[in-house]
Structure formats: structure tokens, C-alpha cells
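A.B. asks: Output the structure for:
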Amino acid sequence: MKMNFPALLIATGLAFATAQAADVVKPYTLKKCFMSGHDFEDKPVEFDYQGQHVKLCCNDCKADFDKEPAKWMTKLAAALQPFENANVERFEKLRADKKNVVLDVRTKKEFDDGHIPGAINIDVNAADFQSKVAKLDKSKTYLVHCAGGVRSVTACKKLAPTGFERLVNLEGGYKAWEKAGNKGEK
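C.D. replies: As a prediction, this is how the structure comes out:
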């Protein structure tokens with residue numbers, strides 16, 4: 001097969017980009033061993049597995065990992081997710097703890113038409129979203145929701161890299177919450 005020069009450049013570039021992507025390893029961002037929950041001591045066990053950097057607290061955890069790597073990689077992927085998804089029942093259990101904050105990321109009009117009691121409203125699509133959420137206490141648990149669950153995922157993805165310790169996304173949003181028999185306030 002004969003290639004012209006532009007096609008050869010494109011093929012070479014794609015091959016190079018593919019090789020580079022294969023060399024990228026996702027970092028381990030957890031502060032403790034995801035298997036045991038223990039702190040890392042002087043000599044953590046570190047290695048790369050299927051494009052993910054893994055850090056364990058000890059050789060015992062490494063031996064357990066080697067026995068069932070697929071099981072442990074599934075657990076690690078869940079631990080590395082920047083937020084938790086919760087159904088209405090779980091969301092309500094978390095909302096019962098008054099230390100947790102309900103964050104409604106819908107528009108002000110949607111919020112004024114009805115919202116979860118005690119919720120604060122910061123529109124995820126507003127130009128000042130980042131400046132407003134920067135003023136929140138990042139050590140608290142935020143129960144994030146929108147109307148149907150899409151904007152709240154966007155909000156969680158925006159909040160997670162800025163240091164929020166725990167974010168919980170309401171699956172199905174305010175609509176699912178109401179459908180479960182809950183009544184909002186205006």
C-alpha cells in the first residue's frame with residue numbers, strides 16, 4: 001500500500017499519540033491504603049497496574065491484591081471516584097444529619113418554585129458559581145442535587161478538584177426526590 005506524505009504524517013502522529021496515551025498512568029490520590037484503610041508508613045508498596053498507579057501500606061496487602069487484582073481494582077476505582085451517587089433513600093438518611101449541607105445547583109427560579117427544606121442554592125451554570133462555592137466549608141459533606149441528576153454531576157465534577165472532602169450526588173435529582181413522596185418548600 002502506497003501512502004502520500006500527508007497521510008503518512010497523520011498515521012505517524014496517531015501512532016505516536018497512541019503510544020503516549022499508553023504511557024500515561026492515572027495517579028493514586030488517596031491518603032490511605034484503599035485495601036486496609038491504614039496510613040502509609042515509611043515504605044509503602046507502589047506499582048502500576050493496567051494504567052493506574054497503586055499505593056499500598058504493606059506487603060500483606062500486595063499479596064492479597066495479587067490474588068484477586070480485578071476485585072481490588074474495582075474497589076480502587078470506586079474509592080478514586082470524586083463523589084458518591086446516592087438514591088433518594090440514602091440521600092434522606094444523609095440529610096437527616098444536620099451537619100450535612102444540601103446544595104441545590106438549579107436556577108434561582110427552579111429553586112423558588114420548590115426545593116428541599118434547608119437547601120442552599122448556587123446555580124452550577126451561573127458565572128459566579130466558582131466564586132460562591134469557594135466560600136463554602138470544604139470539610140462538610142455536601143448533598144448535591146439538581147432537577148434530574150445531570151447538572152449535579154457537573155457540579156460535583158467542578159467541586160471535587162477544589163478540595164471538597166465529601167460530595168454526594170442525588171440520582172434522579174429533585175424530581176426523583178418528589179416522586180418518592182417528599183414535599184419541597186417554597
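
A.B. asks: Tell me the secondary structure of the spatially most central residue of the chain, please.
C.D. replies: Centroid check for the chain by Cα atoms, centre = their mean gives residue 82 as the closest residue, at 2.3 Å. Put simply, residue 82 is coil when judged by DSSP: H, G, I helix; E, B strand; the rest coil.

A.B. asks: quick one: contacts for it?
C.D. replies: 156-157, 160-161, 167 (Cβ atoms under 8 Å, 6 or more residues apart in numbering). Every residue, glycine included, has its C-beta placed from N, CA and C.

A.B. asks: Distance to residue 139 and secondary structure for these - can I get that in JSON lines?
C.D. replies: Below are the contacts of residue 82 laid out as JSON lines (distance: Cβ to Cβ, whole Å; DSSP: H, G, I helix; E, B strand; the rest coil):
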{"residue": "156", "distance to residue 139": "16", "secondary structure": "helix"}
{"residue": "157", "distance to residue 139": "20", "secondary structure": "helix"}
{"residue": "160", "distance to residue 139": "14", "secondary structure": "helix"}
{"residue": "161", "distance to residue 139": "16", "secondary structure": "helix"}
{"residue": "167", "distance to residue 139": "12", "secondary structure": "strand"}
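
A.B. asks: any chance of these in JSON lines, plus pLDDT and distance to residue 30?
C.D. replies: Converted to JSON lines, those look like this (pLDDT from 0 to 100; distance: Cβ to Cβ, whole Å):
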{"residue": "156", "pLDDT": "94", "distance to residue 30": "18"}
{"residue": "157", "pLDDT": "90", "distance to residue 30": "18"}
{"residue": "160", "pLDDT": "87", "distance to residue 30": "13"}
{"residue": "161", "pLDDT": "83", "distance to residue 30": "15"}
{"residue": "167", "pLDDT": "96", "distance to residue 30": "15"}
